[in-house]
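Turn this into a model:
(one chain, ligands or ions: 1)
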Amino acid sequence: MNILEVRNLCKSYNVNGCQNNILENVNFNISKGEMVAIMGPSGSGKSTLLYSVSGLDSVTSGEVKIGNKNIVKMKEKELANLRLDDIGFIFQQMYMLKNLTITDNIILPAVQSKKNNENRNEILQRGHALMRKLGIMEIADNDINEVSGGQLQRACICRSMINNPKIIFADEPTGALNRTSSDEVMEELTKLNDNGTTIMLVTHDVKVAAKCTRVMYIVDGNIKGEHNCYPAP
Ligand code: ADP
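Now for the predicted structure:
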């Protein structure tokens with residue numbers, strides 16, 4: 001079953017009156033349970049691709065279906081709800097809110113979701129269960145500037161999981177981490193994937209890509225090759 005379907009995706013930027021084509025007729029699918037790495041030279045369009053297919057950025061033309069819903073046609077409010085309820089995001093720069101504790105950052109998407117009818121205590125229990133799984137219960141009440149980069153990224157993984165997303169998109173999730181923290185974060189993402197979570201991530205790190213089930217190579221805004229690291233799930 002495809003979680004993500006991308007058809008003839010084009011994305012261009014208008015720079016000083018000139019149209020810059022960044023993505024040109026990109027086509028691919030991601031099935032449930034895959035963990036796909038996007039690799040390619042700097043400036044090849046990896047982040048643009050990730051942001052375009054995850055509904056964070058608009059596209060110029062084409063079709064992007066997440067769980068059978070074409071996000072290209074969605075109004076901003078509908079798209080915002082889809083991002084909140086069905087998608088998890090992990091970024092290199094993490095983007096946690098400074099005035100909230102680690103726990104409050106993690107549970108915020110569940111508190112905001114209109115689909116969720118749990119009370120705050122039920123949400124908190126799930127948040128704590130995720131934090132226990134990721135080994136960060138000891139920083140539950142800390143501010144975000146009191147924890148290490150590796151702990152913060154594990155907290156971001158908890159936040160990305162809190163609404164049980166259909167797919168997680170990650171932009172260089174280990175890019176700001178040292179090798180030890182990077183290995184730990186990848187171990188957690190691999191565990192999530194082993195338990196059925198679909199993940200698409202951008203990386204330039206071959207050690208990170210090697211942990212994925214499939215690697216797609218993007219050059220000059222198009223997929224120029226791919227290989228499966230393990231049999232598809
Ligand atoms: P990568 O992630 O592979 O390094 P990006 O997707 O960030 O590449 O960028 C691809 C190309 O798109 C680059 O040439 C970059 O300069 C251009 N680009 C990215 N964002 C914008 C923007 N907002 N406006 C104009 N050009 C952009």
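
just checking, residue 65 touches residue 5?
Yes: counting by Cβ atoms under 8 Å, residue 5 is a contact partner of residue 65 at 4.2 Å. C-betas here are computed from N, CA, C, even on glycine.

Look through this protein and tell me its longest helix.
In the chain, taking DSSP state H as the definition, the longest helix is helix 179-194.

tell me the mean pLDDT for stretch 84-97?
Averaging pLDDT along stretch 84-97 yields 93.

just how off-centre is that stretch within its chain?
Stretch 84-97 has its C-alpha centroid displaced from the chain centroid by 7 Å (Cα atoms, centre = their mean, to the nearest Å).

what comes up buried for it?
Of the residues in stretch 84-97, 84, 85, 86, 87, 88, 89, 90, 91, 92, 94, 96 count as buried by neighbour count, 16 or more other Cβ atoms under 10 Å.

Just confirm yes or no for it near the ligand.
No: Stretch 84-97 is not in contact with the ligand by Cβ under 6 Å from any ligand atom; minimum separation 10.8 Å.

can you give me the helices in this protein?
Going by DSSP H, the chain shows helices at 46-53, 76-86, 102-112, 120-133, 149-161, 179-194, 206-209.

quick one: which of these is nearest residue 219?
helix 46-53 (10.2 Å; Cβ to Cβ).

Grab the nearest non-local neighbour of the residue nearest the centre of the chain.
For the chain, the residue nearest the mean C-alpha position is residue 169 (1.6 Å; Cα atoms, centre = their mean). Leaving out its chain neighbours, the residue that sits closest to residue 169 by Cβ to Cβ, 6 or more residues apart in numbering is residue 54, at 4.2 Å.
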